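> Okay, predicted coordinates and the sequence, questions at the end:
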Amino acid sequence: MQDVPGLGQILTAVVTPFDDHLNVNEEAFVRLLGHLADHGSDGVVVAGSTGEAATLTDEEQIRLVRLAVDERPSPDFTVVAGAGSNDTRHAVHLTERVTEAGADAVLSVTPYYVKPNERGLKAHYRAVAQATDRPIVLYNIPSRTALDIPNELLAELGAENPNVVAVKQANNDSLAPIDGLDVYAGNDDIFARTLDMGGAGVISVVSHVVGDEMRRMIDDPERRAELDAQLQDVYTTMFVTTNPIPVKAALNLLGHEVGGLRLPMVEADEDETAAIREVLERHGLLAAA
């Protein structure tokens, strides 16, 4: 497994706050960066799935990356930029732009919908890797892309492209060490397993609200299983409906004012909000807020 210098162990897939008109709320975004840094996060992934990249314009994505770089809470707070696309030319363009904006690394999702074959995947990632001198984290999430990259092929992609150094593994069934790549848990419920097998860490959603507890899972490995068990209800409730609907609802309940979502995503309904409120109360988070 390679070392991934400076990326950190807990990277929060940060939401994109919107104002009442569903424009990007930059002030709320900067405040959220500070909150995450104060509660266990080593850095953020900007404009990923949780950041609603699918409904952001290219200019909004680049602006968010530049804002995160310029306003990072500390010099060692990592900014990883989502720059994937199902169109290789677009992925290359975004990769070049986020590199220019100062991102420390790039998260590049499997081309979705088109379901390229193995030769197409290799050509796609070769082009992306040539577009930047920054470390690239591959993002394997078959539930959203309709295509799983087997671990053997992930290893090949790393071997063929020296700056492909890690993978965000969001296929729980494929969680295993991968030759030449650091493995980040792509789902919060496999964070503990990922650490136990020597993985690099997690690209997390729930660290928006329980970042301190997740940090303790790293700092106190003897209590890791216990802490993981205590967070199972949080993992479940933060995915009671499609991400990032629940985590945005939770953040709003906690006073972070991240706003609503752009269609076709919609805000949590009454039952979902009640479930989210209940789990926040159970963990003492609302009282703390």
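Looks like it arrived, so ask away.

> Show me the strands in the stretch 51-200 of the chain, by range?
Listed in chain order, the strands of the stretch 51-200 of the chain (DSSP state E, counting those that start in this stretch) span 78-82, 105-109, 136-140, 164-169, 182-185.

> so can I have JSON lines of these showing distance to His21, mean neighbour count and mean pLDDT?
C-beta coordinates here come from the backbone N, C-alpha and C atoms, glycine included. JSON lines is the format used below for the strands of the stretch 51-200 of the chain (distance: least, CB to CB, whole Å; neighbours: other CB atoms under 10 Å; pLDDT from 0 to 100):
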{"stretch": "strand 78-82", "distance to His21": "24", "mean neighbour count": "28", "mean pLDDT": "98"}
{"stretch": "strand 105-109", "distance to His21": "28", "mean neighbour count": "27", "mean pLDDT": "98"}
{"stretch": "strand 136-140", "distance to His21": "30", "mean neighbour count": "25", "mean pLDDT": "98"}
{"stretch": "strand 164-169", "distance to His21": "32", "mean neighbour count": "26", "mean pLDDT": "98"}
{"stretch": "strand 182-185", "distance to His21": "35", "mean neighbour count": "25", "mean pLDDT": "98"}
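
> can the ones you listed go into TSV with extra columns for distance to Asp70?
Listed next are the strands of the stretch 51-200 of the chain as TSV, based on distance: least, CB to CB, whole Å:
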stretch	distance to Asp70
strand 78-82	10
strand 105-109	17
strand 136-140	22
strand 164-169	25
strand 182-185	25
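
> lowest confidence element among the helices and strands of the protein?
Across the helices and strands of the chain, the lowest-confidence element by mean pLDDT, DSSP states H and E is helix 285-288, at a mean of 87.

> of the strands of the stretch 51-200 of the chain, which approaches Val258 most closely?
Val258 sits nearest to strand 78-82 of all the strands of the stretch 51-200 of the chain, at 17.3 Å, using CB to CB.

> How far does the closest one sit from its chain's centre?
Counting by CA atoms, centre = their mean, to the nearest Å, strand 78-82 is centred 9 Å from the centre of its parent chain.

> same for that strand, what does it pack against?
Identification of packing neighbours for strand 78-82 by 3 or more CB pairs under 8 Å, 6 or more residues apart in numbering; DSSP states H and E yields strand 43-46, helix 58-70, strand 105-109.

> Now find how far off-centre the least confident helix or strand of the chain is within its chain.
Relative to the chain's own centre, helix 285-288 is displaced by 25 Å; criterion: CA atoms, centre = their mean.

> What is that helix packed up against?
Taking 3+ CB pairs under 8 Å, 6+ apart as the contact definition, the neighbouring helices and strands of helix 285-288 are helix 270-282.

> Can you name every helix or strand that the helix it packs on contacts?
Here helix 270-282 touches helix 232-237, helix 245-253, helix 285-288, going by 3+ CB pairs under 8 Å, 6+ apart.

> Would you mark the buried spots in it?
Going by neighbour count (16 or more other CB atoms under 10 Å), the buried part of helix 270-282 is Glu272, Thr273, Ala275, Ile276, Arg277, Val279, Leu280.

> For the third one, list the residues it contacts.
Same thing as Ala275. Ala275 sits next to Thr237, Val240 when contact means CB atoms under 8 Å, 6 or more residues apart in numbering.

> Distance check, it against Arg224.
Separation of Ala275 from Arg224 (CB to CB, to the nearest Å) stands at 26 Å.

> Quick check, Thr88 in contact with Lys122.
No - the criterion here is CB atoms under 8 Å, and Thr88 misses it with Lys122 at 11.4 Å.

> Distance-wise, check the nearest residue to Arg126 once chain neighbours are set aside relative to Asp188.
Once flanking residues are discounted, Arg126 sits nearest to Asn161: 6.3 Å by CB to CB, 6 or more residues apart in numbering. Summarising the geometry, the distance separating Asn161 from Asp188, computed by CB to CB, is 28 Å.

> between those two, who's got more neighbours?
Comparing Asn161 with Asp188 by other CB atoms under 10 Å, the one with more neighbours is Asp188, at 23 against 18.

> what stretches of the chain score poorly on pLDDT?
When residues are selected by pLDDT under 70, those of the chain lie in 1-6.

> Looking at Thr88 and Lys122, which has the bigger crowd around it?
Between Thr88 and Lys122, counted using other CB under 10 Å, Thr88 has the larger neighbour count: 19 against 16.

> in stretch 167-181, what's buried?
Applying a neighbour-count criterion of 16+ other CB under 10 Å, the buried positions in stretch 167-181 are Val167, Lys168, Gln169, Ala170, Asn171, Ser174, Leu175, Ile178, Gly180, Leu181.
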